[in-house]
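>>> Structure for this input, please:
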Amino acid sequence: MPDHSLPPASIDETIAMLATQDYLAGRSLATVLFLALKMKRPLFLEGEAGVGKTEIAKVLSKALDRPLIRLQCYEGLDIASAVYEWNYPAQMLEIRLAEASGLTDRGRIESDIFSERYLIRRPVLQALSSADGRAPVFLIDELDRTDEAFEAFLLEVLSDFQVTIPELGTVKAAEPPIVIITTNRTREVHDALKRRCLYHWVDYPQAAQELEIIRRKVPGCNEALSQQIVAYVQKLRTLDLFKNPGVAETIDWATALTELDRLALDPDTISDTIGTLLKYQDDIARIQGSEGARVLNDVKDELRATA
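Below is the predicted model of the structure:
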């Protein structure tokens, strides 16, 4: 029986591996993913929100049968939340118990309380400490939400796959984790960090690919409706919206319309369900007006001409 925890041996195998988890990847994405696994380099994925960057890490975890460790980035993220911290209440209790028992050897007390027993491992340390010898998939999600100080700290992690804990020493990964870094490009990430990674821009899928995604993710959706949904969403992305709908929103919309037993798009249906597709009121108001009707007419004309 093949060991599914082993990385794929070719680009074609990478495409097939992702497809088993219903993730349809273009050849350029499959190529850089294959190289990242082969070269054991972090993969830096950039693109608009909702195009499937985070999903790649989840799919890899399932396909390779490895644990997924996720570090969700946010403004103000620090070492205690991302790497490790000490269990201070338990340490204080241990000190009091030692004092109550008459133990006065300060060095012994310190060695006891600053031990693995009181160490709380956060995502970074967990990713470097795989217990069974099988490295996890380590997702550093939305790195652009953090600050440059945290980026600088990550340089040690991504360069040598190690972190230094003053009280314990250096913790180095026996096997480097599979690192996936995502960013929505709300700010530029420093070049020093990017140089340690392979890079790929994840774009919105073409119509044929997005239609196949709907077929896989929402199998109960009527075929004609699926075609209209994809054509409508593709058309919306050509408009100057505040936030274009991503693949995740396309799937949500198809699911919602299927739950409502809709077989085709019409102005009322779009107006009633547009909140599953667009998430900003200015965009919604624009599509609920005459422009939305024009887009729908264009979509139906194009589909009729194609048919």
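
>>> Nearest residue to the middle of this protein?
The centroid of the chain falls nearest to residue 54 when counting by CA atoms, centre = their mean (1.7 Å).

>>> Contacts for whichever strand or helix holds that one, please.
Using DSSP states H and E, the element containing residue 54 is helix 53-63. The contact list for helix 53-63 (CB atoms under 8 Å, 6 or more residues apart in numbering) reads 4, 17-18, 20-21, 23, 25, 29, 33, 45-47, 66-68, 70, 136-137, 139, 141, 178, 180, 182, 202. The way it works is simple: take the backbone N, C-alpha and C, and place the C-beta from them, glycine included.

>>> Please check those residues and keep the buried ones.
17-18, 23, 25, 29, 33, 45-47, 66-68, 70, 136-137, 139, 141, 178, 180, 182, 202 (16 or more other CB atoms under 10 Å).

>>> Which helix or strand contains residue 34?
Counting by DSSP H and E, residue 34 is part of helix 27-39.

>>> Over that helix, what's the mean pLDDT, rounded is fine.
The average pLDDT within helix 27-39 is 96.

>>> angle of it against helix 53-63?
The directions of helix 27-39 and helix 53-63 differ by 50 degrees, with axes from the mean of the first three to the mean of the last three CA atoms, to 10 degrees as the criterion.

>>> Can you point out the buried residues in helix 27-39?
So for helix 27-39, counting by 16+ other CB under 10 Å, buried means 29, 30, 31, 32, 33, 34, 36, 37.

>>> And the contacts of the helix or strand just after that helix?
Heading C-terminal from helix 27-39, the first helix or strand you meet, by DSSP H and E, is strand 43-46. With contacts defined as CB under 8 Å, 6+ apart, strand 43-46 is touched by 32-33, 36, 53, 56, 179-185, 189, 193-194, 197-202.

>>> what do you get for stretch 103-117?
In contact with stretch 103-117 (CB under 8 Å, 6+ apart) are residues 86, 91, 94, 95, 98, 167, 168.

>>> residues near the closest residue in space to the second one that isn't next to it in sequence, how many?
Of all residues beyond its chain neighbours, the one nearest residue 91 is residue 113 (4.3 Å), with distances taken as CB to CB, 6 or more residues apart in numbering. Applying other CB atoms under 10 Å, we find 20 other residues in the vicinity of residue 113.

>>> Could you report the separation of residue 113 from residue 62?
Distance, residue 113 to residue 62, by CB to CB, to the nearest Å: 39 Å.

>>> ok but residue 179 is inside a strand, no?
Yes: counting by DSSP: H, G, I helix; E, B strand; the rest coil, residue 179 is part of a strand.

>>> What distance do you get for it to residue 141?
12 Å.

>>> Now for this protein, the helix or strand with the poorest mean pLDDT.
helix 106-113 (a mean of 78; mean pLDDT, DSSP states H and E).

>>> moving C-terminal of that one, what's the next helix or strand?
In N-to-C order, the element after helix 106-113 by DSSP H and E is strand 119-121.

>>> what packs against that following strand?
With contacts taken as 3 or more CB pairs under 8 Å, 6 or more residues apart in numbering; DSSP states H and E, strand 119-121 sits against strand 84-86.

>>> Let me see the mean pLDDT of the strand it packs on.
92.

>>> Each with direction, which strands does it pair with?
Strand pairing for strand 84-86, using DSSP bridges, gives strand 119-121 (antiparallel).

>>> So which other helices or strands are in contact with the host helix or strand of residue 80?
Here residue 80 sits within helix 79-82, counting by DSSP H and E. Using 3+ CB pairs under 8 Å, 6+ apart as the contact test, no helix or strand touches helix 79-82.

>>> got the CA coordinates for that helix in PDB?
Output of helix 79-82 as PDB, limited to C-alpha atoms (Å, rounded to 0.1, in the frame of the first residue of the first chain):
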ATOM      1  CA  ILE A  79       5.800  35.500  20.900                       C
ATOM      2  CA  ALA A  80       3.600  34.400  23.700                       C
ATOM      3  CA  SER A  81       0.700  33.800  21.400                       C
ATOM      4  CA  ALA A  82       2.600  32.500  18.400                       C
END
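
>>> Just the residues contacting it, thanks.
Contacts for helix 79-82 (CB under 8 Å, 6+ apart): 71, 85, 122, 123, 124, 150, 153.

>>> so when I look at the first one, I'm seeing a strand, right?
Yes: according to three-state DSSP, the state of residue 71 is that of a strand.

>>> Nearest residue to it in space, please, no chain neighbours.
residue 123 (4.1 Å).

>>> show me what contacts the one you found?
So residue 123 contacts 69, 70, 71, 82, 83, 138 (CB under 8 Å, 6+ apart).

>>> which two in those residues are spaced the farthest apart?
Maximum pairwise distance among those (CB to CB): 14.3 Å, between 70 and 83.

>>> Roughly how far does the residue lying farthest from the centre of the chain sit from residue 115?
The outermost residue of the chain, judged against the average C-alpha position, is residue 102 (51.8 Å), by CA atoms, centre = their mean. Note on residue 102: its distance to residue 115, by CB to CB, is 21 Å.
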